[in-house]
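[1] Sharing a sequence plus its predicted fold:
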Amino acid sequence: MTVPFIECQNIAFSYDNNHSVLNNVNFIIEEGKFAAIMGGSGSGKTTLLRLITGQLAPTSGKILIKGRDLATFSAEELYEYRRRMGVLFQQGALFTDLSVFENVAFPMRELTKLPETVINDLVKLKLHAVGLRGTENLMPSELSGGMARRVALARTIALDPELMLYDEPFTGLDPISLGVIAELIHRVNKALHSTSVMVTHDIAQSLLIVDQVIFLAHGEIMFSGSPTEMLEEKSAWIQQFVSGSPTGPVPFRYAAKTGLQQDLFGKQAVFMPLPPPTLTR
Ligand SMILES: Nc1ncnc2c1ncn2[C@@H]1O[C@H](COP(=O)(O)OP(=O)(O)OP(=O)(O)O)[C@@H](O)[C@H]1O
(Lines give C-alpha, C1' and ligand atoms only; values in the text may rest on other atoms or scores of the structure.)
Protein backbone atom coordinates (compact mmCIF):
# COMPACT_ATOMS: atom_id res chain seq x y z
CA MET A 1 0.00 0.00 0.00
CA THR A 2 1.31 3.48 -0.84
CA VAL A 3 1.52 5.99 1.99
CA PRO A 4 1.71 9.76 1.49
CA PHE A 5 4.92 11.09 3.06
CA ILE A 6 4.29 14.73 2.13
CA GLU A 7 0.85 16.07 1.38
CA CYS A 8 0.30 19.74 0.54
CA GLN A 9 -3.32 20.76 0.93
CA ASN A 10 -4.31 24.02 -0.68
CA ILE A 11 -1.12 25.85 0.26
CA ALA A 12 -0.84 29.62 -0.13
CA PHE A 13 2.19 31.63 0.91
CA SER A 14 3.44 35.22 0.73
CA TYR A 15 6.55 36.78 2.26
CA ASP A 16 4.62 40.02 2.69
CA ASN A 17 0.88 40.52 2.54
CA ASN A 18 0.89 42.17 -0.88
CA HIS A 19 2.66 39.68 -3.08
CA SER A 20 1.45 36.08 -3.22
CA VAL A 21 4.28 33.61 -3.96
CA LEU A 22 2.32 30.33 -3.83
CA ASN A 23 -1.37 29.74 -4.37
CA ASN A 24 -3.67 26.77 -4.35
CA VAL A 25 -0.81 24.25 -4.24
CA ASN A 26 -1.97 20.65 -3.83
CA PHE A 27 0.12 17.50 -4.26
CA ILE A 28 1.09 14.23 -2.63
CA ILE A 29 4.55 12.66 -2.59
CA GLU A 30 4.36 9.03 -1.56
CA GLU A 31 6.82 7.36 0.76
CA GLY A 32 9.98 6.23 -1.05
CA LYS A 33 9.18 8.24 -4.19
CA PHE A 34 11.35 10.85 -5.88
CA ALA A 35 9.70 14.12 -6.95
CA ALA A 36 11.18 17.01 -8.91
CA ILE A 37 9.88 20.54 -8.43
CA MET A 38 10.42 22.50 -11.63
CA GLY A 39 9.38 25.83 -13.02
CA GLY A 40 10.71 29.14 -14.24
CA SER A 41 12.87 31.47 -12.20
CA GLY A 42 10.95 32.99 -9.27
CA SER A 43 8.04 30.55 -9.60
CA GLY A 44 8.28 29.57 -5.91
CA LYS A 45 10.29 26.31 -5.99
CA THR A 46 12.74 27.11 -3.19
CA THR A 47 9.94 28.65 -1.14
CA LEU A 48 8.02 25.36 -1.43
CA LEU A 49 11.12 23.46 -0.26
CA ARG A 50 11.41 25.81 2.75
CA LEU A 51 7.76 25.14 3.59
CA ILE A 52 8.40 21.39 3.49
CA THR A 53 11.36 21.72 5.89
CA GLY A 54 9.22 23.81 8.24
CA GLN A 55 11.54 26.86 7.90
CA LEU A 56 8.47 28.76 6.66
CA ALA A 57 4.80 28.27 7.57
CA PRO A 58 2.06 28.50 4.93
CA THR A 59 -0.16 31.59 5.02
CA SER A 60 -3.07 29.19 4.56
CA GLY A 61 -3.50 25.48 3.87
CA LYS A 62 -1.77 22.50 5.45
CA ILE A 63 1.39 20.48 4.99
CA LEU A 64 0.94 16.95 6.28
CA ILE A 65 3.99 14.86 7.03
CA LYS A 66 2.99 11.20 7.23
CA GLY A 67 -0.56 12.38 7.83
CA ARG A 68 0.26 14.91 10.58
CA ASP A 69 -0.04 18.68 10.18
CA LEU A 70 3.50 20.13 10.27
CA ALA A 71 2.10 23.25 11.98
CA THR A 72 1.16 21.16 15.04
CA PHE A 73 4.66 19.65 15.54
CA SER A 74 6.20 20.48 18.93
CA ALA A 75 9.76 21.87 19.00
CA GLU A 76 11.06 18.34 19.78
CA GLU A 77 9.06 16.80 16.94
CA LEU A 78 10.30 19.44 14.52
CA TYR A 79 13.89 18.77 15.64
CA GLU A 80 13.39 15.01 15.17
CA TYR A 81 11.78 15.58 11.74
CA ARG A 82 14.75 17.69 10.63
CA ARG A 83 17.26 15.25 12.13
CA ARG A 84 15.91 12.57 9.81
CA MET A 85 16.16 14.91 6.83
CA GLY A 86 19.16 15.25 4.52
CA VAL A 87 19.51 18.51 2.64
CA LEU A 88 21.88 19.09 -0.25
CA PHE A 89 21.97 22.73 -1.22
CA GLN A 90 23.03 24.39 -4.44
CA GLN A 91 26.88 24.30 -4.47
CA GLY A 92 26.78 21.77 -1.55
CA ALA A 93 29.15 23.92 0.52
CA LEU A 94 31.72 21.97 2.55
CA PHE A 95 33.45 23.27 5.67
CA THR A 96 36.69 24.47 4.10
CA ASP A 97 38.79 24.06 7.23
CA LEU A 98 37.74 20.42 7.78
CA SER A 99 39.07 17.38 5.92
CA VAL A 100 36.79 15.23 3.78
CA PHE A 101 36.58 12.74 6.67
CA GLU A 102 35.56 15.43 9.17
CA ASN A 103 33.03 16.92 6.77
CA VAL A 104 31.23 13.59 6.39
CA ALA A 105 31.59 12.79 10.10
CA PHE A 106 30.18 16.21 11.07
CA PRO A 107 26.45 15.27 11.30
CA MET A 108 27.36 12.04 13.08
CA ARG A 109 29.32 13.97 15.72
CA GLU A 110 26.71 16.74 16.01
CA LEU A 111 23.57 14.63 16.11
CA THR A 112 24.55 11.25 17.55
CA LYS A 113 26.69 9.75 20.32
CA LEU A 114 28.18 7.09 18.05
CA PRO A 115 31.62 5.81 19.15
CA GLU A 116 34.64 6.82 17.08
CA THR A 117 35.14 3.32 15.62
CA VAL A 118 31.56 3.32 14.26
CA ILE A 119 31.95 6.85 12.86
CA ASN A 120 35.16 5.76 11.18
CA ASP A 121 33.43 2.81 9.45
CA LEU A 122 30.34 4.83 8.53
CA VAL A 123 32.38 7.64 6.93
CA LYS A 124 34.23 5.05 4.82
CA LEU A 125 30.95 3.44 3.78
CA LYS A 126 29.40 6.77 2.82
CA LEU A 127 32.49 7.82 0.85
CA HIS A 128 32.47 4.41 -0.84
CA ALA A 129 28.83 4.98 -1.82
CA VAL A 130 29.82 8.13 -3.72
CA GLY A 131 32.96 6.56 -5.19
CA LEU A 132 35.40 8.58 -3.07
CA ARG A 133 36.83 6.13 -0.52
CA GLY A 134 40.50 7.04 -0.10
CA THR A 135 39.93 10.81 -0.11
CA GLU A 136 39.42 10.98 3.69
CA ASN A 137 42.52 13.11 4.37
CA LEU A 138 42.08 15.57 1.51
CA MET A 139 40.94 19.13 2.18
CA PRO A 140 38.03 20.64 0.20
CA SER A 141 40.48 22.93 -1.66
CA GLU A 142 42.10 19.79 -3.12
CA LEU A 143 38.83 18.53 -4.66
CA SER A 144 37.31 19.23 -8.06
CA GLY A 145 33.82 20.76 -8.13
CA GLY A 146 32.24 17.39 -8.94
CA MET A 147 34.17 15.62 -6.15
CA ALA A 148 33.19 18.32 -3.65
CA ARG A 149 29.52 17.84 -4.56
CA ARG A 150 29.91 14.08 -4.04
CA VAL A 151 31.48 14.62 -0.60
CA ALA A 152 28.55 16.91 0.22
CA LEU A 153 26.21 14.11 -0.88
CA ALA A 154 28.08 11.63 1.37
CA ARG A 155 27.64 14.10 4.26
CA THR A 156 23.93 14.49 3.44
CA ILE A 157 23.37 10.72 3.62
CA ALA A 158 25.56 10.32 6.72
CA LEU A 159 22.60 9.45 8.94
CA ASP A 160 20.48 7.56 6.37
CA PRO A 161 17.80 10.27 6.12
CA GLU A 162 14.24 9.20 5.43
CA LEU A 163 13.61 12.48 3.58
CA MET A 164 16.18 13.88 1.14
CA LEU A 165 15.86 17.42 -0.17
CA TYR A 166 18.00 18.70 -3.02
CA ASP A 167 18.06 22.36 -4.05
CA GLU A 168 19.50 22.56 -7.56
CA PRO A 169 22.16 19.90 -6.96
CA PHE A 170 23.50 20.08 -10.54
CA THR A 171 24.31 23.81 -10.61
CA GLY A 172 27.78 24.62 -11.94
CA LEU A 173 28.80 21.04 -12.80
CA ASP A 174 30.30 19.93 -16.10
CA PRO A 175 28.15 17.41 -18.06
CA ILE A 176 30.08 14.34 -16.85
CA SER A 177 30.08 15.33 -13.15
CA LEU A 178 26.41 16.22 -13.54
CA GLY A 179 25.64 12.74 -14.92
CA VAL A 180 27.64 11.15 -12.08
CA ILE A 181 25.82 13.15 -9.38
CA ALA A 182 22.43 12.39 -10.96
CA GLU A 183 23.22 8.67 -11.03
CA LEU A 184 24.43 8.77 -7.39
CA ILE A 185 21.35 10.66 -6.23
CA HIS A 186 19.20 8.05 -7.97
CA ARG A 187 21.12 5.18 -6.36
CA VAL A 188 20.98 6.78 -2.91
CA ASN A 189 17.23 7.23 -3.24
CA LYS A 190 16.78 3.56 -4.16
CA ALA A 191 19.27 2.21 -1.57
CA LEU A 192 17.88 4.20 1.37
CA HIS A 193 14.24 4.01 0.23
CA SER A 194 14.16 7.67 1.22
CA THR A 195 11.46 9.99 0.00
CA SER A 196 13.22 12.63 -2.09
CA VAL A 197 12.34 16.07 -3.38
CA MET A 198 14.60 17.93 -5.80
CA VAL A 199 14.30 21.51 -7.01
CA THR A 200 15.95 21.58 -10.39
CA HIS A 201 16.18 23.32 -13.74
CA ASP A 202 17.83 20.31 -15.35
CA ILE A 203 15.09 18.58 -17.28
CA ALA A 204 17.19 16.03 -19.15
CA GLN A 205 18.87 14.50 -16.10
CA SER A 206 16.00 14.75 -13.69
CA LEU A 207 13.37 13.19 -15.94
CA LEU A 208 15.61 10.11 -16.02
CA ILE A 209 15.70 9.67 -12.25
CA VAL A 210 12.45 10.99 -10.72
CA ASP A 211 9.04 9.34 -10.38
CA GLN A 212 7.00 12.53 -10.39
CA VAL A 213 7.27 16.13 -11.59
CA ILE A 214 5.52 19.09 -9.98
CA PHE A 215 5.74 22.07 -12.33
CA LEU A 216 5.11 25.54 -10.92
CA ALA A 217 4.27 28.72 -12.79
CA HIS A 218 3.33 31.98 -11.09
CA GLY A 219 3.24 30.07 -7.78
CA GLU A 220 0.58 27.62 -8.95
CA ILE A 221 0.87 24.04 -10.10
CA MET A 222 0.71 24.02 -13.87
CA PHE A 223 1.44 20.32 -14.23
CA SER A 224 1.82 17.31 -11.95
CA GLY A 225 2.53 13.83 -13.24
CA SER A 226 5.15 11.30 -14.30
CA PRO A 227 8.16 12.18 -16.50
CA THR A 228 6.51 10.37 -19.44
CA GLU A 229 3.32 12.37 -18.99
CA MET A 230 5.39 15.57 -18.86
CA LEU A 231 7.11 14.77 -22.15
CA GLU A 232 3.71 14.12 -23.74
CA GLU A 233 2.14 17.26 -22.24
CA LYS A 234 0.83 19.66 -24.87
CA SER A 235 0.72 22.87 -22.78
CA ALA A 236 2.86 25.66 -24.25
CA TRP A 237 4.44 26.33 -20.83
CA ILE A 238 5.65 22.75 -20.40
CA GLN A 239 6.74 22.46 -24.02
CA GLN A 240 8.81 25.64 -23.73
CA PHE A 241 10.42 24.38 -20.55
CA VAL A 242 11.16 20.94 -21.98
CA SER A 243 12.59 22.36 -25.22
CA GLY A 244 14.48 25.16 -23.44
CA SER A 245 13.19 27.69 -25.96
CA PRO A 246 13.85 31.37 -25.09
CA THR A 247 10.49 32.40 -26.58
CA GLY A 248 7.12 31.37 -25.25
CA PRO A 249 4.84 31.99 -22.30
CA VAL A 250 7.51 31.52 -19.56
CA PRO A 251 8.44 35.06 -18.46
CA PHE A 252 12.08 35.97 -17.93
CA ARG A 253 11.57 39.59 -16.86
CA TYR A 254 10.91 40.59 -13.29
CA ALA A 255 7.48 42.26 -13.13
CA ALA A 256 8.71 45.79 -12.34
CA LYS A 257 6.08 48.11 -10.85
CA THR A 258 7.17 51.02 -13.03
CA GLY A 259 7.85 51.27 -16.76
CA LEU A 260 11.36 51.70 -18.16
CA GLN A 261 10.60 55.22 -19.51
CA GLN A 262 9.35 56.28 -16.10
CA ASP A 263 12.49 54.88 -14.41
CA LEU A 264 14.77 56.67 -16.87
CA PHE A 265 12.98 59.97 -17.40
CA GLY A 266 10.67 60.39 -14.41
CA LYS A 267 6.91 60.30 -13.98
CA GLN A 268 5.95 62.85 -16.62
CA ALA A 269 8.02 61.27 -19.37
CA VAL A 270 6.34 60.91 -22.71
CA PHE A 271 7.83 58.29 -24.98
CA MET A 272 9.35 59.93 -28.07
CA PRO A 273 10.59 57.27 -30.46
CA LEU A 274 13.89 58.14 -32.09
CA PRO A 275 13.65 58.83 -35.84
CA PRO A 276 14.99 55.97 -37.94
CA PRO A 277 18.66 56.44 -38.86
CA THR A 278 19.25 57.89 -42.31
CA LEU A 279 22.16 56.88 -44.46
CA THR A 280 24.27 59.77 -45.73
CA ARG A 281 27.00 59.45 -48.30
N1 LIG B 1 13.17 35.95 1.72
C2 LIG B 1 12.36 36.49 0.80
N3 LIG B 1 11.69 37.64 1.06
C4 LIG B 1 10.85 38.18 0.14
N5 LIG B 1 10.61 37.64 -1.07
C6 LIG B 1 11.25 36.50 -1.38
C7 LIG B 1 12.16 35.87 -0.47
N8 LIG B 1 12.65 34.74 -1.06
C9 LIG B 1 12.06 34.68 -2.28
N10 LIG B 1 11.23 35.72 -2.48
C11 LIG B 1 10.39 35.98 -3.67
O12 LIG B 1 9.50 34.88 -3.80
C13 LIG B 1 9.35 34.52 -5.17
C14 LIG B 1 9.70 33.05 -5.35
O15 LIG B 1 11.09 32.86 -5.01
P16 LIG B 1 11.76 31.43 -5.00
O17 LIG B 1 13.19 31.60 -4.57
O18 LIG B 1 10.93 30.48 -4.22
O19 LIG B 1 11.68 31.04 -6.55
P20 LIG B 1 12.44 29.92 -7.35
O21 LIG B 1 11.41 29.28 -8.23
O22 LIG B 1 13.19 29.01 -6.42
O23 LIG B 1 13.44 30.78 -8.24
P24 LIG B 1 14.89 30.42 -8.89
O25 LIG B 1 14.67 29.27 -9.83
O26 LIG B 1 15.26 31.67 -9.61
O27 LIG B 1 15.79 30.08 -7.74
C28 LIG B 1 10.23 35.47 -5.97
O29 LIG B 1 9.40 36.51 -6.44
C30 LIG B 1 11.22 35.99 -4.95
O31 LIG B 1 11.59 37.31 -5.28
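    Structure received.

[2] Could I get the pLDDT score of residue 78?
    Predicted confidence (pLDDT) at residue 78: the value is 93.

[3] Same check on residue 43?
    Note for residue 43: predicted pLDDT of 88.

[4] how close does it sit to the ligand?
    According to C-beta to the nearest ligand atom, to the nearest Å, residue 43 stands 4 Å off from the ligand. For glycine as for every other residue, the C-beta is placed from the backbone atoms N, C-alpha and C.

[5] what's the closest non-adjacent residue to that residue?
    Nearest non-adjacent residue to residue 43, counting by C-beta to C-beta, 6 or more residues apart in numbering: residue 216, 4.2 Å away.

[6] would the one you found count as being in a helix?
    No. The secondary structure assignment for residue 216 gives strand rather than a helix, going by DSSP: H, G, I helix; E, B strand; the rest coil.

[7] Can you give me the neighbour number for it?
    Applying other C-beta atoms under 10 Å, we find 24 other residues in the vicinity of residue 216.

[8] On the strand side of things, show who it bridges to.
    When bridges are assigned using DSSP bridges, the partners listed for residue 216 are residue 39, residue 221.

[9] Could you tell me the end-to-end distance of stretch 231-240?
    Separation of the first and last residues of stretch 231-240 by C-alpha to C-alpha, to the nearest Å is 11 Å.

[10] and if you look at stretch 233-246?
    19 Å.

[11] I'd like the numbering to begin with 45 instead of 1 from here.
    Understood, numbering begins at 45; the last thing we discussed is stretch 277-290.

[12] ok, and does it reach over to the ligand?
    No. Stretch 277-290 stays out of contact with the ligand when judged by C-beta under 6 Å from any ligand atom, the minimum separation being 11.8 Å.

[13] Show me which residues of that stretch are buried.
    The neighbour-count check on stretch 277-290 (16 or more other C-beta atoms under 10 Å) flags 277, 281, 282, 284, 285, 286 as buried.

[14] just to revisit the earlier point, tell me how far the residue nearest to residue 87 lies from residue 47.
    Using C-beta to C-beta, to the nearest Å, one obtains 24 Å as the distance from residue 260 to residue 47.

[15] cool, and residue 231?
    23 Å.

[16] now the strands for this protein?
    Under the criterion DSSP state E, the chain contains strands at 48-58, 64-74, 78-83, 104-109, 112-113, 129-132, 207-211, 239-243, 256-261, 264-269.

[17] Tell me which two of the buried residues of stretch 277-290 sit farthest apart.
    Between all members of the buried residues of stretch 277-290, the longest pairwise span (C-beta to C-beta) is found for 277 and 284 and amounts to 11.1 Å.

[18] Please consider this matter closed, and thank you.
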